[in-house]
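Below: sequence and its predicted model.
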Amino acid sequence: MQILMTRSAEQRVGERLAKIAPNAQVVTIVGEDQYKSGGQPVAEADLAPEVVWLSLDSWTSGALPKLYGRIMKSPAARWTQIMAAGIDNPMFRNILEKGVRITKSSAQAIPIAEYVVGHGISLQLPIAAQAEAQGKHEWTRTPYTELGHTRWVLAGYGSIGKAIAERIKPFGVHLTVVRRSPAPDALADAVVGLDRFREASATTTPATCATRRSSRR
């Protein structure tokens with residue numbers, strides 16, 4: 001089995017990979033149409049990867065187009081691990097249409113969830129107003145609704161949505177999840193289908209400009 005990835009990716013997982021798949025040939029892209037395995041050059045004609053890892057560094061380093069091209073050219077390609085949480089990119093759709101299995105990444109779920117929860121709380125708690133008053137040495141009332149009395153709506157409930165729910169529910173919020181399948185979930189107070197998104201978003205707190213606009217459409 002031939003596995004293709006970037007050099008930096010191989011440096012991170014090489015030892016673990018050797019234990020899991022000791023007979024696999026790991027090929028790394030090291031330059032413009034230059035490939036190596038075990039420190040030795042690999043001819044382009046000998047490239048027929050079954051597995052290709054489209055890691056985040058393949059995107060930041062500019063190697064992604066080359067790796068994608070290898071997936072599409074290789075008659076042996078059957079699996080690729082991508083760096084993204086979603087598969088909306090046309091490139092990923094092309095890979096699927098070729099018949100290659102794709103597995104997504106949930107590595108971004110925690111930092112994105114923390115940002116979403118932090119931003120949501122900042123919309124509800126008057127932290128900026130309190131800081132401004134403090135800077136002016138003013139004793140100003142800054143009333144707000146406690147989080148336990150707010151209503152939140154999550155549109156989508158994949159790895160990111162679940163990570164958000166895990167972090168916001170301990171505050172006692174009322175959580176409605178909008179997703180394709182309205183099956184109950186232990187973290188959600190209500191789960192509704194996509195056809196009820198406008199109805200659900202109209203009751204959310206904090207009501208941001210985006211949710212107010214979407215509820216009127």
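Cool, got the structure.

if you average pLDDT over the longest helix seen in the chain, what comes out?
Ranked by residue count and defined by DSSP state H, the top helix of the chain is helix 109-124. Helix 109-124 carries an average pLDDT of 91.

list the contacts for the residue most central in space within the chain?
Centroid-nearest residue in the chain, with Cα atoms, centre = their mean: residue 85, separated by 3.4 Å. When contacts are counted by Cβ atoms under 8 Å, 6 or more residues apart in numbering, residue 85 touches 104, 105, 106, 108, 109, 158, 159, 160. Where you see a C-beta, it was placed from the backbone N, CA and C, and this is true even at glycine.

can you rerun that using 7 Å?
104, 105, 106, 108, 158, 159, 160 (Cβ atoms under 7 Å, 6 or more residues apart in numbering).

Can you turn the buried subset of the residues you listed into a selection I can paste into PyMOL?
To isolate the buried members of the contacts of residue 85 in PyMOL, using 16 or more other Cβ atoms under 10 Å:
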select buried, resi 105+159+160
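
now the contacts of residue 85 as TSV including secondary structure and distance to residue 150?
Formatted as TSV, these follow (DSSP: H, G, I helix; E, B strand; the rest coil; distance: Cβ to Cβ, whole Å):
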residue	secondary structure	distance to residue 150
104	coil	31
105	coil	31
106	coil	27
108	coil	25
158	coil	23
159	helix	24
160	helix	20
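
What is the nearest of the contacts of residue 85 to residue 32?
Closest approach between the contacts of residue 85 and residue 32, by Cβ to Cβ: residue 105, at 26.2 Å.
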